[in-house]
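A.B. asks: My questions concern the predicted model and sequence given below.
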Amino acid sequence: MTSSSQGPLRKLTARGRDEAHRAASALELFFDLCFVVAIAQAGIQLVHSVAEAHAAEGILNYAMVFFAIWWAWMNFTWFASAYDNDDALYRVVTLVQIAGVLVLSAGVSRAFEDHEFLAILVGYVIMRLALTAQWLRVARSSEGAERTMALRYAGGVLLCQVGWLGLLVLPEGGRPWVFLVMAVLEMCVPLYAEKDHPTTWHPHHIAERYGLFTIIVLGETIAAATVAVKSGFDESDVLDELVPIAAGGLLIIFAAWWIYFVVPIHGHLRSSKQAFVWGYGHYLVFASAAAIGAGLEVAVEQAIGKARISTLAASAAVTLPTALFLLTVWALHARHFKVGTAQQLVLPTTALLVICCSFLGDWAVLTAGVVMAGAVAVGTTLTARTAAQENEDGGDSGDSGESGGSRQAAPVV
């Protein structure tokens, strides 16, 4: 669907869930790319906090900032999956949302260093008001239960913006509680709005959008780690300490990509309840994937003597988010496609082993990368054996459609 096919302005009506060949648009890809700026800023500040031995404070600020980034991205993604008509007004409002995320990005450093959330709040409000305008367009173009749903979304989003003002007016000690309460309320808005009329999001489109954003986050992780290693090469002679970190980091990221994309998850997204759990759970997937890159930067800074933390703490900055990524991907993706206890235990066991690698000193990151690569190999072998056994037993032709195909396509998780 293009804006030229039906004129520059038209009704914002729902698209079909069974629409064939639904793919991400160029505008959606541009939208994702601009969000990388905010993710990169949050990662940089997390690195500084952890390297300066302020890990607890840095992680808290990172969680708050990343929620604002992720929630704005997620709301646009699900809205676009159901209502993208690609007309001129839709494009302009989406570009306004992009401007909002750039304003948010500009305020990330002040949020971490001075606990000043004004710029972040302004950017977030810009994005959310633009989304509210889109929901009001839907309400104007619809009737009945769908119109009620759209108005609930618009009203809920606006009311939440009032609550976020607490980050500006309350004492610093109360801000984490404001964040917690408002985050819960924000996540309740879709549940309330869609309780009588769910949106017509497209499973293949949603799975693709989340997958593309995962690629972007992992790409940012590789870029951050590469810059850190390059700086280490330029400023010191500890090549023997940096090579294991670089090699281990690449193995971790490559394995993370393999593990995430090995499962055709769109087949699991059959209901709004499943979709809500899966979509909300990706906060941890995205946040941990981005944090792996920050952890690799911390490990490099510690190796060249710039970080004020121990080797154990620097190693944990890599292994802990890696383990969280593994456990979350297992909970959201892998467990729905695995057969037998051995296959189900691959990722949880790998997560535990990766955490244990934290205590291996200068070899922690490299060993964690080898463990991740081993998980890929073990998962592939187990799935191949299961498939061979099924072939020997004659298989089950009635189950070869979705679940059988999914198992063959899921060799590592």
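C.D. replies: Structure received.

A.B. asks: tell me which element residue 181 falls in.
C.D. replies: Assessed by DSSP states H and E, residue 181 sits inside helix 175-193.

A.B. asks: From the chain's centroid, how far away is that helix?
C.D. replies: Chain-centre distance of helix 175-193: 18 Å, with C-alpha atoms, centre = their mean, to the nearest Å.

A.B. asks: what's it in contact with?
C.D. replies: 60, 64, 67, 71, 75, 78, 115, 117, 149-150, 152-153, 156-157, 160, 163-164, 166-167, 170, 276, 280 (C-beta atoms under 8 Å, 6 or more residues apart in numbering). (C-beta placed from N, C-alpha, C; glycine too.)

A.B. asks: mind redoing it with 6 Å?
C.D. replies: Outside of helix 175-193, the residues within contact range by C-beta atoms under 6 Å, 6 or more residues apart in numbering are 64, 67, 71, 149, 152-153, 156, 160, 163-164, 166-167, 170.

A.B. asks: what's the answer for stretch 300-310, then?
C.D. replies: 51-53, 228-229, 232, 236, 238, 241-242, 245, 314.

A.B. asks: can you pick the most crowded of the contacts of helix 175-193?
C.D. replies: Scoring the contacts of helix 175-193 on neighbours with other C-beta atoms under 10 Å, the highest-scoring entry is residue 153 at 25 neighbours.

A.B. asks: And that residue, how close does it get to residue 83?
C.D. replies: Remark: distance between residue 153 and residue 83 (C-beta to C-beta, to the nearest Å) = 11 Å.

A.B. asks: thinking again about what came up before, from the contacts of stretch 300-310, which would you call buried?
C.D. replies: Listed as buried from the contacts of stretch 300-310 are 51, 228-229, 232, 241-242, 245, 314; burial here means 16 or more other C-beta atoms under 10 Å.

A.B. asks: Check pLDDT for the residues you listed and point me to the minimum.
C.D. replies: The lowest pLDDT within the buried ones among the contacts of stretch 300-310 belongs to residue 232, with 70.

A.B. asks: Point me to the helix or strand that includes it.
C.D. replies: Going by DSSP H and E, residue 232 is in helix 203-235.

A.B. asks: That helix packs against which elements?
C.D. replies: Under the contact definition 3 or more C-beta pairs under 6 Å, 6 or more residues apart in numbering; DSSP states H and E, helix 203-235 sits against helix 26-51, helix 55-83, helix 239-261, helix 272-303.

A.B. asks: buried sites along it?
C.D. replies: 203-210, 212-214, 216-218, 220-222, 224-225, 228-229, 231-233.

A.B. asks: Which one of the contacts of stretch 300-310 is nearest to residue 88?
C.D. replies: Residue 88 has its nearest neighbour among these in residue 228, at 42.6 Å by C-beta to C-beta.

A.B. asks: quick one: secondary structure of residue 12?
C.D. replies: Residue 12 falls in the coil class when you classify it by DSSP: H, G, I helix; E, B strand; the rest coil.

A.B. asks: If we ignore the residues flanking it in sequence, what's nearest it?
C.D. replies: Of all residues beyond its chain neighbours, the one nearest residue 12 is residue 137 (4.2 Å), with distances taken as C-beta to C-beta, 6 or more residues apart in numbering.

A.B. asks: Quick check on residue 199: phi, psi?
C.D. replies: Dihedral angles of residue 199 (phi, psi; degrees, to the nearest 10) stand at phi -70, psi 160.

A.B. asks: can you count the residues close to the closest residue to it other than its chain neighbours?
C.D. replies: Sequence neighbours aside, residue 82 is the residue nearest to residue 199 in space, at 4.0 Å (criterion: C-beta to C-beta, 6+ apart). By other C-beta under 10 Å, the residues close to residue 82 number 20.

A.B. asks: Give me the mean pLDDT for stretch 393-408.
C.D. replies: For stretch 393-408, the per-residue pLDDT averages 44.

A.B. asks: cool, and stretch 112-120?
C.D. replies: Here stretch 112-120 scores 86 as its mean pLDDT.

A.B. asks: now the end-to-end length of it.
C.D. replies: Start-to-end span of stretch 112-120 (C-alpha to C-alpha, to the nearest Å) is 11 Å.

A.B. asks: got the contact list for it?
C.D. replies: For stretch 112-120, using C-beta under 6 Å, 6+ apart, the contacting residues are 45, 61, 104, 106-107, 110-111, 167, 172.

A.B. asks: And those residues, which two are furthest apart?
C.D. replies: 106 and 172, at 21.0 Å, using C-beta to C-beta across those.

A.B. asks: who has more neighbours, these two?
C.D. replies: Neighbours of residue 106 and residue 172, each counted by other C-beta under 10 Å, are more numerous for residue 106; the result is 16 against 8.

A.B. asks: Leaving out sequence neighbours, find the closest residue to the more buried one.
C.D. replies: Per C-beta to C-beta, 6+ apart, closest to residue 106 is residue 119, 5.6 Å.

A.B. asks: Now for the one you found, how many residues are close by?
C.D. replies: Applying other C-beta under 10 Å, we find 17 residues neighbouring residue 119.

A.B. asks: buried sites along the helix or strand harbouring it?
C.D. replies: Counting by DSSP H and E, the element that carries residue 119 is helix 118-141. Residues of helix 118-141 classed as buried: 119-121, 123-132, 134-139, 141 (neighbour count, 16+ other C-beta under 10 Å).

A.B. asks: Next: stretch 243-254.
C.D. replies: Of all the residues in stretch 243-254, those buried under the rule 16+ other C-beta under 10 Å are 244-246, 248-254.
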